[in-house]
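Visitor: What shape does this take:
(chains A and B, ligands or ions: 5)
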Amino acid sequence: MSVEELLERYTRRDKLPHIWCPGCGNGIIMGAVIRALDQAGVDQKKTVIVSGIGCSSRAPGYMKFDTLHTTHGRALAYATGVKLARPELKVVVLTGDGDCAAIGGNHLIHAARRNIDLTVVVFNNDIYGMTGGQYSPLTPQGSYATTAPYGTVDRNFDLCELVKAAGGTYVARGTTYHTRMLIDLISAGLGHKGFSFIEVVSQCPMYYGRKNKLTSAVAMLEWQKEHAVPVKAAAKLTPEQLKGKFVIGELHRQEAPEYTEVYANLVARARGEEK
Amino acid sequence: MEKVPGIVTVNEKWCKGCGICIAFCPAKVFTAREDGKPVVTNPDACTRCGLCELRCPDFAISLGGKSHGE
Ligand SMILES: Cc1ncc(C[n+]2csc(CCOP(=O)(O)OP(=O)(O)O)c2C)c(N)n1
Ligand code: SF4
Ligand code: SF4
Ligand code: SF4
Ligand SMILES: [Mg+2]
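Guide: Ligands and ions are numbered 1, 2, ... in the order given. From the prediction side, this is the model:
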């Protein structure tokens, strides 16, 4: 599908061009999500896209789907409500690293624990972009932010490990640089029944980049290219060799009962309609 | 800009001059203008790999035909 067709079919043309800064990763991820939805063949009329608050959370506003732009940190709570009320819908959550790992961290672990059938795409730019570059729980330890002029002392989360431990059944990590892989990872997440989680290592040239001597979007994508190690290659490396790098690809997949199905069974049982 | 079928084109109105397409095109199809926006200076070298289209954050590049997954 050409870009023109893609935009015509899946975006609110009158809202474009978008307002993100030059070189911001949000546009690349939004493009990848749209292409993945197309690739996975989801029914546009039966898909709901939910976001919280942040630069990244503005993405659904540009997308021609039923969309919900909710409150900071609560995208997963709203999405859980939508999915439980209407389990036949495909529910996709677009969220930022601050939105889902800081204020929304509790929702994240419990949505994963329930294995509710949502597809979550995290726009991880390592920073609070919208509010001016404060550090987030994903800001790498030692790097700089408006609120960490001498470097962060906090250890950062490995969000994929966290979601895996909490019970997520599809966990993957991609980057804005490896765009084709990203589309495939999101598409696979859409096809998986259960809690699907895709962390996207992205770039905020405006705040993270400027504070950390990554002076342009190009420099930030170069950084991704140099530091990302595909899962298969990583398996052959020692922890020492992997130091300072990060692993991309499908990291975890597991079959487990899905929450809305378990819930429907409970309802049937309570009504004496045991299947 | 007039569109030649099958040739990569840039929508100057949407392009924000981030330079991603210029830096990462494997065939060096683009050259940067003074304002950082790309000019297609080497169209014959384009292999239609589609990477510029997928990586442009502003949906400003078009291969003018089919792309990823087709
Ligand atoms: C309850 C509440 N607390 C704080 C804020 C202010 N706020 C808006 S966006 C944001 C952080 C956004 O960071 P992230 O989720 O990483 O999104 P990004 O802008 O980086 O895409 C904060 C703290 C808010 N809107 N609501
Ligand atoms: S502040 Fe950062 S995250 Fe927000 S639009 Fe600009 S580059 Fe993107
Ligand atoms: S990647 Fe897109 S926005 Fe960036 S310079 Fe190229 S055409 Fe312009
Ligand atoms: S399609 Fe590939 S070769 Fe052609 S201009 Fe784009 S990046 Fe370069
Ligand atoms: Mg962020």
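
Visitor: Walking through the chain, point out its helices one by one.
Guide: Here I'm looking at chain A. For chain A, applying DSSP state H gives helices covering A:3-10, A:25-40, A:75-85, A:97-101, A:105-114, A:159-166, A:179-191, A:210-211, A:217-227, A:231-235, A:259-270.

Visitor: ah, I was thinking of chain B
Guide: Under DSSP H, chain B gives helices at B:20-24, B:51-55.

Visitor: and the last one, what other elements does it pack with?
Guide: Using 3 or more CB pairs under 8 Å, 6 or more residues apart in numbering or on different chains; DSSP states H and E as the contact criterion, the secondary-structure elements in contact with helix B:51-55 are helix A:25-40, helix A:179-191, helix B:20-24, strand B:61-62. C-betas here are computed from N, CA, C, even on glycine.

Visitor: most packed of those?
Guide: helix A:25-40 (a mean of 25; mean count of other CB atoms under 10 Å in any protein chain shown).

Visitor: mean confidence score for that one?
Guide: Across helix A:25-40, pLDDT averages out at 98.

Visitor: Test my guess that A:Ile127 contacts A:Pro205.
Guide: No: if you go by CB atoms under 8 Å, A:Ile127 and A:Pro205 don't touch, sitting 10.6 Å apart.

Visitor: who in chain B is up against ligand 3?
Guide: Within chain B, the positions near ligand 3 by CB under 6 Å from any ligand atom are B:10, B:15-21, B:37-38, B:56-58, B:60-61.

Visitor: what do you get if the cut-off is 8 Å, keeping everything else the same?
Guide: Listed as neighbours of ligand 3 in chain B under the rule CB under 8 Å from any ligand atom: B:10-11, B:14-22, B:30, B:36-38, B:52, B:55-61.

Visitor: now chain A
Guide: So chain A meets ligand 3 at A:Pro22, A:Gly23, A:Ala217 (CB under 8 Å from any ligand atom).

Visitor: Identify whichever of the helices of chain A lies nearest to A:Tyr144.
Guide: helix A:210-211 (4.2 Å; CB to CB).
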